[in-house]
Structure formats: C-alpha cells, structure tokens
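*Asks:* Requesting a structural model of the entry that follows:
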Amino acid sequence: MPAANRLPALLVPIALLVCGCPHRVDFGPEGQPTSAEALLKRVEVAETGVVSVKGDARLRVDSPQAKGVVTLFAAVTHPAFVHLESLDFFGKPQGVLISDGRTFGLYDGTAGKYFRGPATAQNVARFVPIALPPAELAALLLGRAPRLAHESAELRFDAEQGALVLTLKKGAATQVLTIQPPSYRVIRSTVTGLDAYDFEFENIEAVGGVTYPRRVVLTAKGSVRVELNYKDVVVNEPPDLTLYEMTPPANVPIVEVDEHGVPREGSKQ
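*Replies:* Purely as a prediction, here's the structure:
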C-alpha cells in the first residue's frame, strides 16, 4: 500500500483508541468497592468528616408560594444544630431560624413575630418550603445524604458517568444514589414509591483533609425547588454554641406553636 494511502488507515485505530475507550476512573487506594456494604462504609467515612459549616450563602427558592433569592448566614453543627438568617440588601436579618433538634425559634421580620415550639418538620417549613426535621436539614447542609432504611441494596458501575450507582429498596420504595469516586460523595438521590424529595450535591470541594459540597439542590413534588450555594464558609471550626441560643428579639410578640405549627391557645398572634 502506498504511504499516502496508509496514513488514514493507521489513524482509524488511533482515533478509536482515543474516542472509544472509557475514561480511567480513580477509585482510591482501596480500589473499586465490590459490594453495596463496602460502598456505604466509604460514603459514611466521607460524610462524617464534616461536622460543622459556617459562613455566607445564597438561597434560591422556586415554589408556588414564593420565588426569589436571598443572602443567608448559615451555621450548622452535627447532629441537629441549625442557625439560618436571611438578610436584606443592607445585611439586616429578615428571618432567623434556630434549632437545637428539640426546640425551634423563628423570627419572622415580615410578620413582626417570633414563633417558638417543638422542632418538627412542619415548624421548620415556616422557613424552608420543604418540610424537613431539623436533624435531616442539618445533615443535608453538611453534605450528608439521608438514606432509605433499606431491606436490599444493589450496586453497579456506570461507565458513562464514571460513577457508582447504589439502589436501595424497602417495600415499594426505592432510592437511587449516584456516588462519585474517589471522594465517595453522594452527588444525586432520587426516590420513587414514597412521598419524598430528590436532591443533588454539586461543586464537591476538598478542604482540610475532608470534602464537602458547596451547592445543595432539593426538589419536591408540587414544583418546589430549593438551591443553596455556599460562598465564604469555614468547615469544622469549633462551633460557637451561642449561635444556637433561642432568644426572641425585644418587643416582638411571641407565638407558641404545637408540633403541627398551630398556635397554642392563649398565645399571641
């Protein structure tokens, strides 16, 4: 074959080698996990490395009841300590949610009231438009993926995504977790067969020997989408427990509510 005709023929297998082979995946020093249980252990190690986050964030809400973007100050400490402040253009608090996992306090600047009661999902939903128990909200804000209390688990590798896919099942409910090696961080969760929300963790960043997601996105039925983007934050700094003290602002009416968010009899409204 003349040299001029051989060159394209030689380029064909080279092109196939470059374009057709899957990307090499780094599974870390222990190699690719071979069972769902082994994978879950790696996920747990990655997630439990972050016990506190504090700093500034942006919260975007898109729901039938409200749409908009607000600046947040966020302080979160495992297992269920949450302090979220929505700030106006001048940095003045417009809403403050504080919970220690047992009780909650919420200053609503628009209503000019302070709500106080048990730390339930219904009460937390006064601030976040998806009903989440404080411990679950704290876990999500720390980059920890709530998981189905499963009866069976199935693991597969998705070569196209370069990710591990874990399917958890309990009865009619199924949760599919997409996990990214070598950080072994959950990056996506979808749930079927159960009234629940889906979520994504994005912009995984390494800092101080741990990893955490700088972006958390929750979606729920009814066209509800909540997106939190961390901006300037510190990770695993010793927590300032005074941030979780629930002290009502002076001269603001206090509304005592029950576990369902209903004002108690005799409470100011």
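
*Asks:* Sketch out the low-pLDDT regions of the chain for me.
*Replies:* The model of the chain has pLDDT under 70 over residues 1-23, 89-91, 266-269.

*Asks:* hmm, try it at 80
*Replies:* 1-23, 88-93, 222, 265-269 (pLDDT under 80).

*Asks:* just the strands in it please.
*Replies:* 52-62, 67-77, 81-87, 93-99, 103-108, 113-118, 152-158, 163-170, 173-180, 185-192, 198-207, 210-220, 224-235, 254-256 (DSSP state E).

*Asks:* Figure out which of those is closest to P263.
*Replies:* strand 254-256 (5.3 Å; CB to CB). Any C-beta I mention is one placed from the backbone N, CA and C, and that applies to glycine too.

*Asks:* That closest one pairs with which strands, and in what direction?
*Replies:* strand 113-118 (parallel) (DSSP bridges).

*Asks:* buried ones in the partner strand?
*Replies:* Across strand 113-118, burial judged by 16 or more other CB atoms under 10 Å covers 113-117.

*Asks:* Ok, stretch 120-128 next?
*Replies:* Result for stretch 120-128 [16+ other CB under 10 Å]: buried residues 120-124, 126-128.

*Asks:* Stretch 31-40 now?
*Replies:* Those would be 33, 36, 39-40, for stretch 31-40 by 16+ other CB under 10 Å.

*Asks:* Between the two ends of it, how far is it?
*Replies:* For stretch 31-40, the first-to-last residue distance is 14 Å (CA to CA, to the nearest Å).

*Asks:* I would like the residues contacting that stretch, please.
*Replies:* Outside of stretch 31-40, the residues that reach it under the criterion CB atoms under 8 Å, 6 or more residues apart in numbering are 25, 27, 42, 153-155, 157, 164, 166, 179, 181, 184.

*Asks:* How far off centre is that stretch?
*Replies:* The chain centroid and the centroid of stretch 31-40 are separated by 23 Å, computed with CA atoms, centre = their mean, to the nearest Å.
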